[in-house]
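[1] Predicted model follows, preceded by the sequence.
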Amino acid sequence: MPYYTYIVECSDKTYYCGYTNDLDLRINEHNLSKTGAKYTKSRRPVKLVYSEGMSSKNDAMKREVEIKGFTRKQKELLISTINRT
């Protein structure tokens, strides 16, 4: 089963990073349900701005920790790499 590390942009322009095995469901949870992260509940709606497929949960978790250690500028650079045309 594939896992994903992702970044969402919150309504206040902050970023939240997480991991999941169901990207669509998790984004919906952040926006609509009580099971979303505490951080994003007060910053809805959120918009998916980056995702990266991983082969295992462990890899996705490690990448999440790595990205959470990034500065805002580093996150923006990462996001921009997938948004180039």
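    Yes, it's here.
[2] Okay, helices next: where are they in the chain?
    With helices called from DSSP state H, the chain shows them at 23-32, 38-41, 57-68, 72-82.
[3] so the third one versus helix 72-82, what angle?
    Going back to what we said before, that points to helix 57-68. When axes from the mean of the first three to the mean of the last three CA atoms, to 10 degrees is applied, the directions of helix 57-68 and helix 72-82 differ by 120 degrees.
[4] where are the low-confidence patches of the protein?
    83-85 (pLDDT under 70).
[5] One more pass at 90, please.
    For the chain, the stretches flagged by pLDDT under 90 are 1, 33-36, 82-85.
[6] Could you count how many residues lie near the residue lying closest to residue 82 once chain neighbours are set aside?
    Leaving aside its sequence neighbours, residue 82 sits nearest to residue 50 (CB to CB, 6 or more residues apart in numbering; 6.1 Å). No exception for glycine: its C-beta is placed from N, CA and C like everyone else's. Around residue 50 there are 21 other residues, counting by other CB atoms under 10 Å.
[7] same question, residue 11
    Using other CB under 10 Å, residue 11 has 12 neighbouring residues.
[8] surely it meets residue 42?
    No: contact between residue 11 and residue 42 fails when scored by CB atoms under 8 Å: they sit 9.1 Å apart.
[9] Tell me the buried residues in stretch 1-8?
    Applying a neighbour-count criterion of 16 or more other CB atoms under 10 Å, one finds 3-8 buried in stretch 1-8.
[10] go on, stretch 24-36?
    The neighbour-count check on stretch 24-36 (16+ other CB under 10 Å) flags 26-27, 29-30, 36 as buried.
[11] repeat for stretch 49-56
    Neighbour counts over stretch 49-56 (16+ other CB under 10 Å) mark 49-52, 54 as buried.
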